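In: Build the 3D model from these lines:
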Amino acid sequence: MSKPMGTIPAGFAADKDGTLLIGGCRADELAGDAGDTPVFVYDVSLVDRQIARFRAAFPSVELHYAIKANSYIPLLSYVAKKVDGLDIASVGELRLALEAGAAAAEISFAGPGKRDSELDEAIAAGVTINLESEGEAERAFAAAERVGERARLAVRVNPDFEIKGSGMRMGGGAKPFGVDASRVPALVRRIIEASADWRGFHIFAGSQALGASALIEAQRATLALAATLAEQADAAPPLVNLGGGFGIPYFHGEPSLDVEAVGAPLSEALAGRHRVLADTCFAIELGRWLVGEAGVYLTRIVDRKQSHGKTFLVTDGGMHHQLAASGNFGQVVRRNYPVAIASRFGAEPEEEVNIVGCLCTPLDRLADDVMTPRAEVGDLVAVFLAGAYGLSASPQAFLAQHGAREVMVGD
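Out: Modelled structure (predicted):
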């Protein structure tokens, strides 16, 4: 029995020959121009669509891009010009952000386990450190003294709540991320006493949420928590990063997030916010929601085979490039991303197939028991929703296989 797959995002079509178009370009020509397959193709016109939608829904909130979602330099450079800040999680990402042309003052650095050398480099560059513990704060003070710069320091808060229904929960209970809310006011006072540049709060409760009501509830709770912490610390935060959590629908039956339904209540809540936050700026940090739907992974069929009555399309790509689509990046029960035969895009399905990669492991599966038009050796398979946590989150060195190319279109 065939299994369903996710819905292909809006913005993709076929030309008169039935070939998939990405940013107005034929998939086969993009693969040819890249020189080899597999290749990730990013259509920045779809990123622009998301940015415009965010700006309309959240007119008084800054937009930050979490570059862990995709740090391909041409794409990062493009996005950096259109958002208000970049959020990084390593010194490697710091260097990429600076290479992409971002101003250091617009970069914030989160993540547990920052090494002293990373603190030195980040503080010397002038980025904001989102502190994850009291111990990290003391090391940041020492780093600032070593490099002769005033540290820009915010506190990442581990809230007592989480985003209900989120795919990955970052708050509530014991977590390696952030400082427990009850400990934050004392840490803020310590930062100010140390004459550091106090930059505010980073409060991230979860990610990959598709329900508007859960996000509305979490954002209201975040605003209330920020006000309480500011009052207790007797220090108004210059910036409150409200986190993100906006998800995209990967699998069959998942709804698209209604961001407009989230934006209106947040605007109301900001208009009526506590006076201690009167001069505070607010930001939302997004990664996959901005770039996830803009990416397509193109991989070529190198073999077509039968085994115990099932058809297998074996490609030259796989989980070493697109781990998430294989089901090995957070899925409990494997489900199918949307896929298509790029040379027969939109044609009626004719056969049930399993699409697998080239790696010597049964984990290397791109689609299980899906219905597609008939495909032959040499045809391209398109895996959608590949713009976030694709190449950047995959074990590229596994089995020393060939790498994937990346290209950007639509600018």
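In: hey, let's count contacts and neighbours off CA atoms from now on
Out: Fine.
In: Counting neighbours, which bits of stretch 341-359 end up buried?
Out: Going by neighbour count (16 or more other Cα atoms under 10 Å), the buried part of stretch 341-359 is 341-347, 352-359.
In: Report the residue spans of the stretch 101-250 of the chain with pLDDT below the cut-off.
Out: Low-confidence segments of the stretch 101-250 of the chain (pLDDT under 70): 162-176, 206.
In: mind running it again at 80?
Out: 161-177, 205-208 (pLDDT under 80).
In: Narrow the buried residues of stretch 341-359 to those in strands?
Out: Among these, DSSP state E puts 341, 352-356 in strands.
In: in its sheet, what does the helix or strand harbouring V155 sit against?
Out: Using DSSP states H and E, V155 sits in strand 152-158. For strand 152-158, the paired strands and their directions (DSSP bridges) read strand 128-131 (parallel), strand 179-180 (parallel), strand 197-203 (parallel).
In: picking that back up, can I get the ones in strands among the buried residues of stretch 341-359 in TSV with distance to A194 and pLDDT?
Out: What follows is these, written out as TSV (distance: Cα to Cα, whole Å; pLDDT from 0 to 100):
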residue	distance to A194	pLDDT
I341	60	98
E352	65	97
V353	63	97
N354	60	97
I355	58	97
V356	56	97
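In: what's the longest strand in this protein?
Out: strand 295-307.
In: If you count neighbours, what's buried in it?
Out: Quick answer for strand 295-307 (16+ other Cα under 10 Å): 295-302, 304.
In: Can you show me the helices along the stretch 251-400 of the chain?
Out: Taking DSSP state H, counting those that start in this stretch as the criterion, the stretch 251-400 of the chain carries its helices at 259-271, 288-291, 323-326.
In: Averaged pLDDT, the first one. What do you get?
Out: Per-region confidence: helix 259-271 scores 96 on mean pLDDT.
In: Check which helices and strands that helix sits against.
Out: In terms of contacts (3 or more Cα pairs under 8 Å, 6 or more residues apart in numbering; DSSP states H and E), helix 259-271 is packed against helix 44-57, helix 212-233.
In: between that helix and helix 44-57, what angle do the directions make?
Out: 40 degrees (axes from the mean of the first three to the mean of the last three Cα atoms, to 10 degrees).
In: Contacts made by stretch 107-114 with the rest, please.
Out: Stretch 107-114 has contacts (Cα atoms under 8 Å, 6 or more residues apart in numbering) with 85-90, 94, 97, 122, 127-132, 136, 156, 176-178.
In: partners of V381 in the sheet?
Out: Bridge pairing for V381 - DSSP bridges - gives T299, I341.
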